[in-house]
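K.L.:
Quick one, what's the 3D model for this:
(2 chains)
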There are 2 protein chains.
Amino acid sequence: MSTVSRLLSVCRPGGGLRPYCVALSQPPDVKGSASSVQVTINRTMATATSEKFLTIENLNPCIKVMEYAVRGPLVIRATEIEKELEKGMQKPFKDVIRANIGDCHAMGQKPITFFRQVLSLVLNDALFEDPSITDDVKERARTILSGTRGCSVGSYTDSAGIEVIRKHVAQYIEKRDGGIPSDPDNIILSTGASGAIKNILALFHAEVNGKKSGVMVPIPQYPLYSASIAEFDLQEVDYYLDESKKWGLDISELDRAVKEARRVCEPRVLVVINPGNPTGQVLTRKNIEEIIKFAYKERLFIFADEVYQDNIYDKDSEFHSFKKVLTQMGEPYSKMEMASFMSVSKGYMGECGIRGGYAEILNMAPDVKAMLLKAISAQLCSSTIGQAAIDCVVNPPQPGEPSYELFIKEKNGVLQSLKRRAEMVTNTFNSFEGFSCNPVMGAMYAFPQFKLPPKAIEAAKKVGQKPDVFYAFQLLERTGICIVPGSGFGQKEGTYHFRTTILPQEEELKKMLGMFDKFHKEFMSQYK
Amino acid sequence: MSTVSRLLSVCRPGGGLRPYCVALSQPPDVKGSASSVQVTINRTMATATSEKFLTIENLNPCIKVMEYAVRGPLVIRATEIEKELEKGMQKPFKDVIRANIGDCHAMGQKPITFFRQVLSLVLNDALFEDPSITDDVKERARTILSGTRGCSVGSYTDSAGIEVIRKHVAQYIEKRDGGIPSDPDNIILSTGASGAIKNILALFHAEVNGKKSGVMVPIPQYPLYSASIAEFDLQEVDYYLDESKKWGLDISELDRAVKEARRVCEPRVLVVINPGNPTGQVLTRKNIEEIIKFAYKERLFIFADEVYQDNIYDKDSEFHSFKKVLTQMGEPYSKMEMASFMSVSKGYMGECGIRGGYAEILNMAPDVKAMLLKAISAQLCSSTIGQAAIDCVVNPPQPGEPSYELFIKEKNGVLQSLKRRAEMVTNTFNSFEGFSCNPVMGAMYAFPQFKLPPKAIEAAKKVGQKPDVFYAFQLLERTGICIVPGSGFGQKEGTYHFRTTILPQEEELKKMLGMFDKFHKEFMSQYK
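P.N.:
Model prediction:
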């Protein structure tokens, strides 16, 4: 599906007063997908005779078109299969392997001891008496509690989060970026990175010059963006990453996308995910400079999704924050508005369930920032435990502290293993017939392309599925491996991909890739 | 401000294509309020020459009109005063007393030991070896962990929450409602009650019959509703509670409100807060039956905000859940769609910062429910620690278990003290000149009415503040007591109220009321 046809997918219900929401983040032919639901409103009469007061007809149309593939129909089926296995149903496998989602602990990664000690301590005062917990842990917990009201994580915090933690975040960013100042008042602690991304994206839900606001997202992209764009009635503007250049970001493609988009919307936001999800790509400093120049020229607010900043495996790559590059470029770029997002869910800690994150917001107009703070105040605050977890990320044990040695051993253990797994996955997929897989330079995913024989494509059509969805369902039913089809992230017309995490522990990953290999060979011979 | 004039506050920016959002939840003359910001869009040319890309002109207009008084200008000033005190600035008081928000622990309430032990244990495996932690705590923690993936609260959960906790919630509801069945598949664990309220309210953002969807809210109301209604571009429909009848809910007033509303919107939701916030009112069973009949007749989806279900102090009152009453009324009422909300932030536990809550959703059309689950899946899941806290609420220590005695002592201690404080606050305010305060039958707030002398009203006008806002600011500056003016919740034109929590600990509360008394006398003599 071309960018233009995606852009033009604007439905105007008959007789409606206003253009309704629309950005089809998914092609409409995914089986069982919400986007195939007819978007009809103005049907009060039909509704009035319905037994139900809230019906699919009078439901928020933005929610109807919204999709979130990482938790889509395949994952629902995976959960069913788990229940079937529990009930003793016979399958050619014993467990479902959830390679669909970047969920480290679910895949057997162990928590970082220091993190869990600090979090348990802020919850349970009695543990301050526990001699087995070291002084640096107690000091961290005391500092966090000193930032709460009534010395309890049971109190609401300021909506932007506990001040002392925001100060630690700012210090962490300064150190990361070689001393470039960071202001704690620019930090918002959030419910994972997702919470902050949604809150800031919501600011752009406005018509400008009679057109919707557009949000430029990379294809393939992380579907939080397409889902939120649909939810907030924004216009998704796709720019394609170049698979032939390790999923590199080509400025001429940004140019093409923004020009085409201006015909139907007002592009206002540029989303960049670095390191890339699902691509595993790590941007070079030079590339980031070009992107910033492009954003300046086109007056785009930059969303730098940098949640994988600790996950870089490629020996020739390095993480450069958008903030550092933009600041070092000097004016006018250093005055540009941008937000950078970070999370406790990824990196080496992988504390997804704790729901901690932060955004650093730069150069936002003060009156706009006041509106953002007002908007988040109605959500009261993000979880104090999520905030405390962010404190652990930005204020970890230092050399000489009692927790340091274990911490660094655990941290490096995870990151070194992820590096080995990144290589294992890349190499294995590249050995499969019809597969080509770019190196997993960073993040936690591989996004290989695969060719399917015409008979498989026909078989998919017969059951009303896209070929990549068909392949993924077959894989799930025959091996228990749950991946996400490329159509969930976006892919060029006629190409097929999937995203798998690299997160199963090494022995498990070996087994999984073995099962995958066997399945693929059987599938190819079945449909050859 | 009458309901009609509130309803008609629809701004149509010059030349705009669509009616833009609008429900002014606050009169536009509150000083410093966002609603006084001119809502102007279609100003691309102006924006194009601005230094900033995201400006107040091209910002989401719904966010511009949104208000959240509980965290409004008074609270911002309270925070400034705290910083001034820290810096050693001389004031006639030593501390700010945050009586603006139902934040129990911030006011010195101690956490329930059992809760904190369970939460620390699910985070820190090592504590399973701690002999000072009792077996029932360990058993609870093990059960929660068994419901997580990889046996870690660091894993994402299903978007609706951990299954075993949802089962416990259903069992709790069944027991509460005398055996009426509850289905775990109808339970959604959420980020406080607010998270669930917002997610379900968002479903109604649709035009029906060319009109906005309307949401009926009690006046006075909890401003989460007005804020979310503005955010989702819904139409707020106010119905007034009857102050002369202990803030009772009169069906004829519901009738009046819905009839007037139908001229400008399509009313679809009825919000009832029971026990009432800020009114402290507890609905009778008969009243609930009438409300349900009204909602059925008018085809309204019921939002039963029941987060204060444990907070009932009036000896003649009892909590009746909307679900129980509706079910016992039989068909057609028992088939009605409704949602009931609960939170770990209130009750006797007051764990606001932990952000746990749940919704029970009844009789929702399956296709609509699928859409709701899809919409929340893009937020991944609520915090596992918030979910675990809900488990503690619904699955507390039972008689015979080692934690039971301490638990029940702590629980009753809080509830009995709250009951004494409810009476103390009511009696004290009723002793003030010009005050009348309904009994605090439940919840955590008093909402007294007070008369102001004409000179005070003039003085308020001079500084551009509403009289109740003026009074609250004076109180804050002179005593450090932070309350929320009645205009933040809605009040009848020409009447003045404020909301204060009853949460300071008893000795503190006595002191606070003493300072308040002194202030009020001085204020009245100053402006007499």
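K.L.:
Just give me the residue closest to the centre of chain A.
P.N.:
Nearest to the mean C-alpha position of chain A, counting by Cα atoms, centre = their mean, stands A:Tyr222 at 4.8 Å.
K.L.:
Give me the nearest residue to that residue, chain neighbours excluded.
P.N.:
Once flanking residues are discounted, A:Tyr222 sits nearest to A:Asn277: 4.5 Å by Cβ to Cβ, 6 or more residues apart in numbering or on different chains. In short, each C-beta sits where N, CA and C put it, glycine included.
K.L.:
Equivalent analysis for A:Ile302, please.
P.N.:
Leaving aside its chain neighbours, A:Ile302 sits nearest to A:Met338 (3.8 Å; criterion: Cβ to Cβ, 6+ apart).
K.L.:
can you check A:Ala78 too?
P.N.:
Nearest residue to A:Ala78, sequence neighbours excluded (Cβ to Cβ, 6+ apart): A:Cys482, at 4.2 Å.
K.L.:
Test my guess that the residue nearest to the centre of chain A contacts A:Asp305.
P.N.:
Yes. The pair formed by A:Tyr222 and A:Asp305 meets the contact definition of Cβ atoms under 8 Å, at 7.1 Å.
K.L.:
what is in contact with these two at once?
P.N.:
Here A:Tyr222 and A:Asp305 have A:Ile273, A:Asn277 as joint contacts, going by Cβ atoms under 8 Å, 6 or more residues apart in numbering or on different chains.
K.L.:
Could you verify my assumption that A:Met441 touches A:Leu283?
P.N.:
No. A:Met441 is beyond contact range of A:Leu283, at 9.8 Å (criterion: Cβ under 8 Å).
K.L.:
joint contacts of those two?
P.N.:
What both A:Met441 and A:Leu283 touch, as defined by Cβ under 8 Å, 6+ apart, is the set A:Pro275.
K.L.:
Of these two, which one has the most company?
P.N.:
A:Leu283 (26 against 23; other Cβ atoms under 10 Å in any protein chain shown).
K.L.:
quick one: the more buried one from A:Ile312, how far?
P.N.:
Distance, A:Leu283 to A:Ile312, using Cβ to Cβ, to the nearest Å: 11 Å.
K.L.:
so what's in contact with those two at the same time?
P.N.:
Common neighbours of A:Leu283 and A:Ile312, counting by Cβ under 8 Å, 6+ apart, are A:Pro275.
K.L.:
Specify the local secondary structure of A:Ala339.
P.N.:
Following DSSP: H, G, I helix; E, B strand; the rest coil, we place A:Ala339 in the strand state.
K.L.:
Please report how far it lies from B:Thr284.
P.N.:
Shown here: A:Ala339 relative to B:Thr284, a distance of 50 Å by Cβ to Cβ.
K.L.:
Give me the more crowded residue out of those two.
P.N.:
Remark: of A:Ala339 and B:Thr284, A:Ala339 carries more neighbours, 26 against 15, as counted by other Cβ under 10 Å.
K.L.:
re earlier: the residue nearest to the centre of chain A and chain B: what is the separation?
P.N.:
Distance of A:Tyr222 to chain B, computed by Cβ to the nearest Cβ, to the nearest Å: 11 Å.
K.L.:
which stretch of helix or strand covers that residue?
P.N.:
Using DSSP states H and E, A:Tyr222 sits in no helix or strand.
K.L.:
repeat for A:Ile361
P.N.:
Using DSSP H and E, A:Ile361 falls in strand A:357-362.
K.L.:
so what secondary structure elements neighbour that strand?
P.N.:
When contacts are defined as 3 or more Cβ pairs under 8 Å, 6 or more residues apart in numbering or on different chains; DSSP states H and E, strand A:357-362 sits against helix A:163-176, strand A:187-190, helix A:192-202, helix A:322-328, strand A:338-343, helix A:384-394.
K.L.:
Now A:Ile251. Nearest residue, chain neighbours left out?
P.N.:
Spatial nearest neighbour of A:Ile251, excluding adjacent residues (Cβ to Cβ, 6+ apart): A:Glu290 at 5.0 Å.
K.L.:
quick check, that neighbour in a helix?
P.N.:
Yes. If the criterion is three-state DSSP, then A:Glu290 is within a helix.
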